[in-house]
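Engineer: sequence unknown, structure follows:
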RNA sequence: GGCGCUAUCGUCUAGGGGUUAGGACGUGAGAUUCUCAAUCUUAAAACACGGGUUCGAUUCCCGUUAGCGCUACCA
């Protein structure tokens, strides 16, 4: 086992948005494969025809690629130049809906070998057994009533048109497996039911919305077959599958296939310690992207949610660094609460490392009408935007905060600014009136561009003329220029405004701002 | 009810039979700045409980409690 090439898979159902829990599972699989030079496969579990939708598959693939996770086998590979219709790999198809033939043949084999049997029990009978078990405080397992039906009896019932499911015989020996994150796990045979492999064709008395497609093999059965046939060596998945695993182990054994290693990842919880769900707000990878989280930040955060660096100290990792550092053995078994604050911190970190030009592209659309279309923008405008981004980006957690924060650069409503309570307080001071009058004098007399030097000179002069300094001096001026009593330093803001005013985007220059605010 | 998984600061985690139980986020304080943010410094903050085993347990074992998962002919 140690000598063979490691093969892992990510097997999502295309029934909704890729959420962060699944994204972490995908990431851990990918990291494990890449570190060991193995294969990472993508398999689409679309057996639930009711809920599976092609658009979700498309979205899911997009999200995976955005995170920087590619795959060696599956629909395409996600690598540049490889179209997704172009399925790759020797073990396809990689969509379960296209593998029905395989499952059917294998079921016939199991039946023929007597390892599986036809179960004619009705839902009512099964329900009764279940209720009795609960009443007697016993494990609820199927009694196995149909297990020893004679061949003749079974034939007769089939001939009578009675619907049947196919069940696997569970032997008397305990069903154990090895879990890389939890160690050995064992289930007593008495606690595991003969699992249904294939649903019956007809199900009366069961509401149709609760019913899987008739005659279709069930999830536990098909994952096992797929994993075995695709020669998966390590099954890394969410811990909600732990209880399913003994059944799957029994299936491997029935076919005589080697049982892989397992690694069950703990659940991601919300702040209320309940399983993270839509109820907790944004949980999909797509929504994080929309809010302006960078993929490297999400990846970094997800890696840290359930895993820690060997040195116990390092917190920031690139994907490449993770590939080198990540060890499945170090993954924690306990559930982890998703902490937006830490994600934000990591995102801020990533934003600081990101190039201005990349950030400009990411942020462009959020400026809406204020900017021309990205493709139509002149180089001067792009260069100026880079300057703007460099000024504002270090102070935001998420990129979607940037445009609102920088909006005032494009102009603001002086009257609305005067009405703000914090501003009113500042402007009410006598000194503020003097400062603004002095500022207006200078702005009026000014004919050239206001350079930071000129601006600094003004401020020094006003300081003397109005006999104020510090807050009393700067705050009124800041409000006149930006509409706000806080913001970036003037040394960088003034040139941004003056250069922006030259761009033909309707951005008021310093002089116009003063005139509009104070009046001429 | 049954079966299973889990348990170190508020959160993510490191550690491990003898430690001042380490780091990070967040929080408090200070520095800096016209201001906010950023940044730097600094502080507070944890081994769920009860039994064993042991010279010694937070660490190993058992139990309790709590949380979560599964308990479907869902995936």
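Structural biologist: Structure received. Treat the numbers as computed from the prediction; the structure is a model and nothing was measured.
Engineer: from here on, contacts and neighbour counts on C-alpha atoms
Structural biologist: OK.
Engineer: Geometric centre of chain A: which residue is closest?
Structural biologist: In chain A, the C-alpha closest to the average C-alpha coordinate belongs to residue A:285, at a distance of 2.8 Å (C-alpha atoms, centre = their mean).
Engineer: Next up, the contacts around that residue.
Structural biologist: Contact criterion C-alpha atoms under 8 Å, 6 or more residues apart in numbering gives A:17-20, A:23, A:63 as the residues in contact with residue A:285.
Engineer: Please list only the buried members of those residues.
Structural biologist: By the neighbour-count criterion of 16 or more other C-alpha atoms under 10 Å, those include these buried positions: A:17-20, A:23, A:63.
Engineer: do you know how far residue A:183 is from residue A:262?
Structural biologist: Applying C-alpha to C-alpha, to the nearest Å, the value for residue A:183 to residue A:262 is 9 Å.
Engineer: quick revisit: would you reformat the buried ones among the contacts of residue A:285 as TSV and include secondary structure, distance to residue A:311 and pLDDT?
Structural biologist: Shown next, in TSV, are the buried ones among the contacts of residue A:285 (DSSP: H, G, I helix; E, B strand; the rest coil; distance: C-alpha to C-alpha, whole Å; pLDDT from 0 to 100):
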residue	secondary structure	distance to residue A:311	pLDDT
A:17	coil	35	91
A:18	coil	31	93
A:19	strand	29	92
A:20	helix	26	94
A:23	helix	25	96
A:63	helix	31	95
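Engineer: and those as CSV, adding distance to residue A:258?
Structural biologist: Formatted as CSV, the entries for the buried ones among the contacts of residue A:285 read as follows, by distance: C-alpha to C-alpha, whole Å:
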residue, distance to residue A:258
A:17, 33
A:18, 31
A:19, 32
A:20, 31
A:23, 28
A:63, 33
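Engineer: Identify the residue of the stretch 401-520 of chain A closest to RNA strand B, quick one.
Structural biologist: With C-alpha to the nearest atom of the strand as the measure, the residue in the stretch 401-520 of chain A that lies nearest RNA strand B is residue A:486; the distance is 2.7 Å.
Engineer: doesn't residue A:402 make contact with residue A:291?
Structural biologist: No. Contact between residue A:291 and residue A:402 fails when scored by C-alpha atoms under 8 Å: they sit 10.7 Å apart.
Engineer: Compare these two (neighbour count), which wins?
Structural biologist: Between residue A:291 and residue A:402, residue A:402 has the larger neighbour count (other C-alpha atoms under 10 Å), namely 21 against 14.
Engineer: Give me the helices and strands touching the helix or strand harbouring that one, please.
Structural biologist: Residue A:402 is part of helix A:402-406 when elements are defined by DSSP states H and E. Taking 3 or more C-alpha pairs under 8 Å, 6 or more residues apart in numbering; DSSP states H and E as the contact definition, the neighbouring helices and strands of helix A:402-406 are helix A:379-392.
Engineer: helices or strands up against the helix it packs on?
Structural biologist: Using 3+ C-alpha pairs under 8 Å, 6+ apart as the contact criterion, the secondary-structure elements in contact with helix A:379-392 are helix A:356-363, helix A:402-406, helix A:490-501.
Engineer: Pass me the low-pLDDT residue ranges in chain A, would you?
Structural biologist: Flagging of chain A using pLDDT under 70 yields the residue ranges A:1-3, A:202-214, A:520.
Engineer: Using the record's assignment, carve it into domains.
Structural biologist: Here the domain assignment for chain A is A:7-97+A:268-337, A:99-265, A:355-402, A:414-518, based on automatic domain parsing.
Engineer: For residue A:348, find the nearest of those.
Structural biologist: Of all the domains of chain A, the one in closest proximity to residue A:348, counting by C-alpha to C-alpha, is domain A:355-402 (5.1 Å).
Engineer: Does RNA strand B have contacts with that closest one?
Structural biologist: Yes. Using C-alpha under 7 Å from any atom of the strand, a contact is recorded between domain A:355-402 and RNA strand B, made by A:394-396.
Engineer: Let's have those in CSV, adding neighbour count.
Structural biologist: Converted to CSV, the residues of domain A:355-402 next to RNA strand B look like this (neighbours: other C-alpha atoms under 10 Å):
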residue, neighbour count
A:394, 16
A:395, 16
A:396, 18
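Engineer: For the residue of chain A most remote from its centre, which non-adjacent residue is spatially closest?
Structural biologist: With distances taken as C-alpha atoms, centre = their mean, the residue sitting farthest from the centre of chain A turns out to be residue A:465, at 57.2 Å. On the basis of C-alpha to C-alpha, 6 or more residues apart in numbering, the spatially nearest residue to residue A:465 that is not a chain neighbour turns out to be residue A:438, at 7.6 Å.
Engineer: I figured that neighbour hits residue A:464, correct?
Structural biologist: No. The pair residue A:438 / residue A:464 is not scored as a contact, 10.4 Å apart, by C-alpha under 8 Å.
Engineer: Tell me which of the two has more neighbours.
Structural biologist: A side-by-side neighbour count of residue A:438 and residue A:464, using other C-alpha under 10 Å, places residue A:438 first with 19 against 11.
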